[in-house]
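Asks: Give me the fold of what follows.
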Amino acid sequence: MRDWKHATVDRVARAVLWFFRLVKGWLPRALGGLSSGLFIVWGVQDGAWNKGVGWFVAGLACAVLAFIAEFLVQRPSYMKLSQLREEAERRAANKSLALESALRIMLVRLSKHCGLEGHSDRFSVYYFHEDRFFMVSRYAKNPTYEARGRDSYPAAEGAIGAAWSAEDGQALVSMPAAKEAWKKAAHRQGISEDAIAGMSMKSRGLAGHRLEAGDRSVGVIVVESMTSGRIKATHLDMIAASHIVAAIAELVAAFALMTPAGENATAGKKPVVSGKWEPVQPRVPIGPTPGP
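Replies: Numbering: from 1, shown residues only. Now for the predicted structure:
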């Protein structure tokens, strides 16, 4: 008996909710359409303008009611919704920049920890997403080397790909100093001619360390230098043992897609909805509370 009452109350609540949604969505439009129809009827009346004036008055009354309903029923207004959206986008952008800045500060600390804070050194963090790497943060004392290049990087390219696929998650790469020899070495690592042309820093030494958070790999941190022989295996050991790197891995795993680079990586992609949609059931039953 009690279940039947609850089902009846639930159906009535759904009907009332549907009615209020209908009123909110269509009342101003219905009144506006009715007002237009009444004005048309008044306009086709033969004779003086005051003939059939009742149609005119009724149309005017509906128009006034539609105007009032637009302000009283349509809450929030479209203008208010637009303002709220702009405010939400502004706050999201500020949070994205804050996340990127936090990662950059950690890279600054890591460079000091490793003793690689020279004018020719650079630290970058890459996030792995859909078979490609996206750079989420970078630090270099030299502003020229800190400039961003490509939007994304193939998973099997360069020191990033070498560290990602290595069994121990680390890679140390030395590049020749001569220009043509450097290009040939880059080609052997899968780097295209166009990618080489767009590089702001053609590093002589690189080290990659795979970032892991929990039970999954999430990205790669790459250290570069324009000085040959500057980056050594001991630096990779320092990176692997650093709590700073562990914190970077956790941040990348949790918030990489909220950074500007992460948002660009997913821009324009529609979310994939799987499974059957079911309405959310109320946690608190509707109707009288059962007695003890």
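
Asks: contacts and neighbour counts: CA atoms only from here.
Replies: OK.

Asks: Could you check how far stretch 246-260 is from the centre of its chain?
Replies: For stretch 246-260, the separation from the chain centroid amounts to 12 Å (computed by CA atoms, centre = their mean, to the nearest Å).

Asks: For it, C-alpha coordinates in PDB please.
Replies: Provided in PDB are the C-alpha atoms of stretch 246-260 (Å, rounded to 0.1, in the frame of the first residue of the first chain):
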ATOM      1  CA  ALA A 246      56.500  12.600  -7.900                       C
ATOM      2  CA  ALA A 247      54.300  15.700  -7.200                       C
ATOM      3  CA  ILE A 248      54.600  16.700 -10.900                       C
ATOM      4  CA  ALA A 249      53.400  13.300 -11.900                       C
ATOM      5  CA  GLU A 250      50.300  13.500  -9.600                       C
ATOM      6  CA  LEU A 251      49.400  16.900 -10.900                       C
ATOM      7  CA  VAL A 252      49.800  15.800 -14.600                       C
ATOM      8  CA  ALA A 253      47.600  12.800 -14.000                       C
ATOM      9  CA  ALA A 254      44.900  14.700 -12.300                       C
ATOM     10  CA  PHE A 255      44.800  18.100 -14.000                       C
ATOM     11  CA  ALA A 256      46.800  18.000 -17.300                       C
ATOM     12  CA  LEU A 257      43.600  18.400 -19.400                       C
ATOM     13  CA  MET A 258      42.700  21.500 -17.400                       C
ATOM     14  CA  THR A 259      45.900  23.400 -18.500                       C
ATOM     15  CA  PRO A 260      45.800  25.500 -21.700                       C
END
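
Asks: start at 385 instead
Replies: I'll keep to 385 as the first residue from here, and by that count the last item is stretch 630-644.

Asks: quick one: average confidence on that stretch?
Replies: For stretch 630-644, mean pLDDT rounds to 84.

Asks: In that stretch, which residues are buried?
Replies: 630, 632-637, 640-644 (16 or more other CA atoms under 10 Å).

Asks: Let me see the mean pLDDT of stretch 484-494.
Replies: Mean predicted lDDT for stretch 484-494 stands at 92.

Asks: Would you check which pair of the buried residues of stretch 630-644 lies furthest apart?
Replies: Taking CA to CA, the two most distant members of the buried residues of stretch 630-644 are 630 and 644; they sit 21.7 Å apart.

Asks: ok, the buried residues of stretch 630-644 vs residue 514, which is closest?
Replies: residue 641 (12.0 Å).

Asks: domain ranges for this structure?
Replies: Following the assignment in automatic domain parsing, the chain carries domains at 386-459, 476-650.

Asks: Could you tell me the least trusted of the ones you listed?
Replies: Taking the mean pLDDT of these, domain 386-459 comes last: a mean of 71.

Asks: Which residue ranges of the stretch 435-584 of the chain form helices?
Replies: With helices called from DSSP state H, counting those that start in this stretch, the stretch 435-584 of the chain shows them at 437-456, 462-498, 527-530, 542-549, 563-572, 577-581.

Asks: what packs against the longest one?
Replies: Going back to what we said before, that points to helix 462-498. If contacts are counted by 3 or more CA pairs under 8 Å, 6 or more residues apart in numbering; DSSP states H and E, helix 462-498 sits against strand 505-513, strand 516-524, helix 617-625, helix 627-639, helix 644-650.

Asks: And stretch 463-477, how far out from the chain middle?
Replies: That offset, for stretch 463-477, works out to 15 Å (CA atoms, centre = their mean).

Asks: Stretch 584-598 now?
Replies: Per CA atoms, centre = their mean, the centroid offset for stretch 584-598 relative to its chain is 25 Å.

Asks: same thing with stretch 568-579?
Replies: Put simply, stretch 568-579 sits 31 Å off its chain's centre (CA atoms, centre = their mean).

Asks: got it, and stretch 518-534?
Replies: When distances are taken as CA atoms, centre = their mean, stretch 518-534 is centred 21 Å away from the chain's centroid.

Asks: buried residues in that stretch?
Replies: So for stretch 518-534, counting by 16+ other CA under 10 Å, buried means 518-524, 529-530.

Asks: quick one: which of the residues you listed is nearest residue 538?
Replies: Nearest member of those to residue 538, counting by CA to CA, is residue 518, at 9.3 Å.
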